[in-house]
Structures are given as structure tokens and as C-alpha cells.
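Student: Sequence and computational prediction follow.
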Amino acid sequence: MTSRIVIVGGGLTGALAAVRLHEAGQDVSVHERREDLRRSTEHQGRSINLALSTRGLDALDRVGLSQALREQGIPMRGRMLHSRDRSVTFQPYSADPANVLLSVSRDGLNALLLDAVDQRQIPTHFDHRLVDIELRSSNAVFETNEARLRERFDVMIGADGAYSAVRNRLQRTDRFSYEQNYLEHGYKELTIPARSDGSYAMEPHALHIWPRGGHMMIALPNADGSFTCTLFWPYGGPVGFERVDTEGEVAETFHEQFPDAVDLMPQLADEYLRNSTSSLVTIRCGPWFYEDRIVLLGDAAHAVVPFYGQGANAALEDVTIFMELLATNDGAWGPTMASFYAHRKPDTDALADLALDNFVEMRDRVASPLFRLRARAEQRMHRWAPRWITPLYEMVTFSRTPYVDAVARAKHQTTLVDRLMLALVAVVLLVIVATIILVIA
Ligand code: FAD
């Protein structure tokens, strides 16, 4: 049976959900708070770039978009670590060179998805901000520049991001749990422009990291030869957004912390002082549904910090899983929403923890020789015995293994890898001792 579906939010999740639900024969409309980013001057130029991987690409494949993205995106094969002494080290993400992250512009991806929505003639309403939901009568209330409008729905999809108005309304229903946690770090975007001949100023096929213990900077390549850098700094402290706030302090701190990058950033002080600092939040809530009428998808249900590069991948995968469950439940919304929440919530909770933990890994552990040795050993073991050992990063990024299963398997493997490494060290030591004894004898 066809339902009248109102999708709140025309971001990645909302646009993909619109296409998939339309293809399943539903009567869908999309309502987006902002103007159409494809026509907006505000959105031209700067945009977050995303590391897209298997979960996201698989979801986009289902609407015929992954090929276009593979052509537009820049493959990143591993991490390029920049030390204070200007030396660089490359760490591949996977033993399999086909496993790469794709650096894509979030706005570019959103535009592709909105084009897919238009191609299917799905009605879209920009500058429509959801301000209320009248639960009794199933009416969504939107505000535009001129008017307040009501839209009746059978089903509402809340795909309106981390600061979701749909979730906000559900918070005022009985027994809805909600938790938000901010990091003491924020982020700011900066640029390494292309060289004058249009070429990249650094290796383009890598995600660059300047790990500095308590803070870091990263850079992802763009198609135009530039890199978008993201500075993750604490708000307070000696190297922090609140302390560094003059041209002189910016130059001094960057020369000290990121000497090889600062040479490539001619607009540094200007950008640093002009660009806003944004906060980083983890949101956990539940249940993600109200009766058989409203469901939350993507960041609206589970916003995570960006350090595993999985927020958008998980949001897009939500749509895949929701559609699979809708088919399994013969189109019945209530059972679909309930099983989606039961099935997916443990996974996104696991992802939230992984993302927080990966911040420490990226800004700190990746620089340790022991970490690198272990990572290399794990990748080798994976090549020899893929059924027994698969690095956690590989399971999260290059497979659709449920996050919670990946974490459980990784815990089990850690013991195995530690034992194998110890055994290897013991054998090497034995050989050395035996050789010494033989030489002396
Ligand atoms: P959003 O993209 O937030 O879209 C929500 C939409 O709803 C927006 O268009 C918004 O305007 C609209 N909206 C909001 N309120 C209303 C309302 N009241 N009425 C109508 N419309 C409304 N993820 C990755 O997978 N890989 C990465 O490398 C990565 N890097 C990131 C780096 C940074 C710095 C950040 C902040 C995030 C990163 N992410 C990454 C996460 C990713 O951006 C999000 O997970 C993803 O955008 C979520 O998509 P969404 O559609 O659920 O929400």
C-alpha cells in the first residue's frame, strides 16, 4: 500500500531515502530547511570533504551513483604522517591495494543525490523548516520565508541531522531517552591550495595527518588540486582556539606545530581568523521511532564524532538496512521501525565508541613505532590467514560487517595477534642466542 511520506532534511540521508522509498512505490516529498545547495551562492566553494568507504558506496551503488563518485572522488590509499621534524611516513590502510577511501565533497555528493531525486520527479521543498509536529493529527508544521504550512503524513522520516527538529519533538514524548556529549576539542577548516600549475602540493592519494598528542591536523585532497585541512584543537590550553587568536600567535603556533604545512598555506592567518570554529558532538537517543508513523535515520538518530570517517557511511547504510527491513516486513511500517531500531542501535553505539577512540589513535598512537609495527603485523597476518585475522580498521571501513560484530571480533583477535607476535619475538631471540652459542663454541 502506498503511504504519504514526508522526509524532513534533504541532506545525504534524506535524499537517498527519498530515492529508495520512491523506487519502492511510495508517495514521497522532501522538505529541506536551507535553500537548494545546487543554486546557492552560500554553498559554492568551501565544503567538508568526506572519506567515503564501503558502506556508503554500497548504499549509493543501489541507486546507480557509486560509479560517478568513484570517477569524481580522489582515492586515498593510506595515512601520510607528518612529524615535527618534517619527515613523512606512509601507512597503508589495507594489505589489499584495492581498498581505498574516496575523498569527496559533502556538498558535491549531496548535489548528486538531489539530482537523483529530481530525475525521479520527487517533489522537493527548499527553505522549508520543520518547526513542529502535531502528533495527534499527523501534521508536520513548516515555516518558510513567507508562511507557516501544514503537511499531513502517514509516515515521517526524520533525516534532519545532528540537531534534528524531529528528534527534538520526540524528546517531548514519554520515555524518549537522549544524551549529548561534546568533546573539549572543536574543529576549524583551512586550505592548502593547488600549486600555480594546478598540481597538488602534497601526495594526493593519502589522508595527511599531523599527529601531535593532544591535538592534530588532517588534510584530504580535493579534485581541484587543493587540500581541505581540518584542525582539531582543544578550545582551552596553550595550543587551543581560545589562546591562539592573533595573526602573530597563528604564525608562531603553526611554525612550531606544523612546520612543513605552514609553508603550503599562504592564506593561513586570514583563514584561521575568518573561519568559524565548530564543536564536535556525540548523540545517543532512543527509541528512534514513534508508533508506526515517525522514524529517525542518519545523524538525527546517531551523530558521532568524525574520527573514524564513518558518520556519513553509517547514515547511508541506515537507508540500506531500513529498506531491507521494510521488504522483509512486507511494507508494514511499525514492525520495520521497531526492528530497525533493535537491530541498528547496538551498532551505532559501538560506532560512537570507535569514533571517540580513534581520535586518540589518530592524534597520538599512529605516531608510535610499536603501533606501526603492530598494524603492519596485523595486515601481514590478514594476508596469510584472512579467515582468522582481519584488522578492525579493515572490517569497519572496507566491509559491511555490523560495527558491533567487528568490535567483538577485534577484541578476540587482539589476544591472538599478541600471542603470535610474542611467539615470533621468542623464536627470533632463540635463534640469536643459538647463533651466539654456536659462534662461541
Ligand atoms: P546532515 O548532513 O546534517 O543533513 C541534514 C539535513 O537536514 C540538512 O540539509 C539540514 O539543512 C536539514 N535540516 C536540519 N534541520 C531541519 C529542519 N528543522 N527542517 C528541515 N530540514 C532540516 N562522515 C563520513 O562518513 N566520513 C567522513 O570523512 C566524515 N568527515 C566529517 C568531518 C566533519 C568535520 C564533520 C562535522 C562530519 C564528518 N562526517 C563524515 C559526518 C557526516 O558529515 C554526517 O554523518 C552526514 O552528513 C550525516 O548526514 P545526514 O543527512 O544524516 O545529516
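Tutor: Structure's in. What do you need?

Student: ok, Val295 touching Pro287?
Tutor: No. With contact defined as Cβ atoms under 8 Å, Val295 does not count as touching Pro287 (9.4 Å). Yep, even glycine has a C-beta here, placed from its N, CA and C like the rest.

Student: more neighbours, these two?
Tutor: Neighbour totals were compared for Val295 and Pro287, and Val295 leads with 27 against 19 (other Cβ atoms under 10 Å).

Student: Over to the more buried one: give its phi and psi.
Tutor: As for Val295, its main-chain torsions (degrees, to the nearest 10) stand at phi -140, psi 150.

Student: for it, what are its contacts?
Tutor: Val155, Met156, Ile157, Gly158, Trp288, Phe289, Phe322, Trp333, Met337, Phe340 (Cβ atoms under 8 Å, 6 or more residues apart in numbering).

Student: Over to Val407?
Tutor: By Cβ under 8 Å, 6+ apart, Val407 lies in contact with Ala350, Asp353, Leu354, Leu392.

Student: Against the ligand, how distant is the second one?
Tutor: With distances defined as Cβ to the nearest ligand atom, to the nearest Å, the gap from Asp353 to the ligand amounts to 16 Å.

Student: how about that residue, secondary structure?
Tutor: For Asp353, the secondary-structure state derived from DSSP: H, G, I helix; E, B strand; the rest coil is helix.

Student: tell me, how many neighbours does it end up with?
Tutor: Asp353 is flanked by 14 other residues according to other Cβ under 10 Å.

Student: what's the domain layout of the chain?
Tutor: Annotated domains of the chain cover 4-73+104-179+282-359, 181-279, 368-440 [automatic domain parsing].

Student: closest to Pro97 out of the ones you listed?
Tutor: Closest to Pro97 of the domains of the chain, according to Cβ to Cβ: domain 181-279, at 10.6 Å.

Student: For Thr2, grab the count of nearby residues.
Tutor: Neighbour count of Thr2, defined by other Cβ under 10 Å: 11.

Student: need the residues of the stretch 51-200 of the chain near the ligand, please.
Tutor: Counting by Cβ under 6 Å from any ligand atom, the stretch 51-200 of the chain comes close to the ligand at Ala51, Arg106, Arg129, Leu130, Ala159, Asp160, Gly161, Ala165, Tyr187.

Student: Please read the previous query as pertaining to the stretch 201-350 of the chain.
Tutor: So far as Cβ under 6 Å from any ligand atom goes, the stretch 201-350 of the chain lies against the ligand at Thr230, Gly298, Asp299, Pro306, Gly309, Gln310, Gly311, Ala312, Asn313, Ala315.

Student: And stretch 130-141, end to end?
Tutor: Taking Cα to Cα, to the nearest Å, stretch 130-141 runs 6 Å from one end to the other.
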